[in-house]
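Chemist: This is a predicted model, with the sequence first.
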Amino acid sequence: MRALRERGLRVPKDVSVVGAAGVDLSGTLCPRLTATRQPLEQIGEELLAMLCQRIEQGGAAVTGRILPMPFTGGGTTRPEENVLLGISNQ
């Protein structure tokens, strides 16, 4: 966000920023970073299921999974984007 600011861009007016690394930076940034919450337990469960399926199929490829990643509100996305992301706690 500092690099964006140095280039004259404003967050979130000109550019939206969303974090997804799983690191809580909410207390260190101003405005607070909008982020995803990664469902780590569900990811592990799905990974294990996929691995078992692949073993049962003799190593054949298995279909991937898409898991929901809910967003937590922050000040780095615009209100209209927050509605699309399902963020209600701005």
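Modeler: Good, I have the coordinates. Numbering: from 1, shown residues only.
Chemist: Need phi/psi at residue 19.
Modeler: phi -90, psi 150 (degrees, to the nearest 10).
Chemist: What's the separation between it and residue 8?
Modeler: As judged by Cβ to Cβ, to the nearest Å, residue 19 and residue 8 stand 22 Å apart. To be clear about C-beta, it is placed using only N, CA and C from the backbone, and glycine gets the same treatment.
Chemist: Need the outlier residue of this structure, farthest from its centre.
Modeler: Largest separation from the mean C-alpha position in the chain: residue 58, at 33.5 Å (Cα atoms, centre = their mean).
Chemist: residue contacts, the most centrally placed residue in the chain?
Modeler: Computing the C-alpha centroid of the chain and ranking residues by Cα atoms, centre = their mean puts residue 36 first, at 3.0 Å. By Cβ atoms under 8 Å, 6 or more residues apart in numbering, residue 36 lies in contact with 18-20, 69-72.
Chemist: for the chain, which helix is longest?
Modeler: Criterion DSSP state H: the longest helix present in the chain is helix 40-56.
Chemist: export that one as CSV, just CAs?
Modeler: Provided in CSV are the C-alpha atoms of helix 40-56 (Å, rounded to 0.1, in the frame of the first residue of the first chain):
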residue,chain,number,x,y,z
LEU,A,40,-7.5,-24.4,6.8
GLU,A,41,-9.3,-27.3,8.4
GLN,A,42,-11.6,-27.7,5.4
ILE,A,43,-8.6,-27.5,3.1
GLY,A,44,-6.8,-30.3,5.0
GLU,A,45,-9.9,-32.5,4.9
GLU,A,46,-10.4,-32.0,1.2
LEU,A,47,-6.7,-32.6,0.5
LEU,A,48,-6.9,-35.9,2.4
ALA,A,49,-10.0,-37.0,0.6
MET,A,50,-8.4,-36.2,-2.8
LEU,A,51,-5.2,-38.1,-1.8
CYS,A,52,-7.2,-41.1,-0.8
GLN,A,53,-9.3,-41.0,-4.0
ARG,A,54,-6.1,-40.7,-6.1
ILE,A,55,-4.6,-43.8,-4.3
GLU,A,56,-7.8,-45.8,-4.8
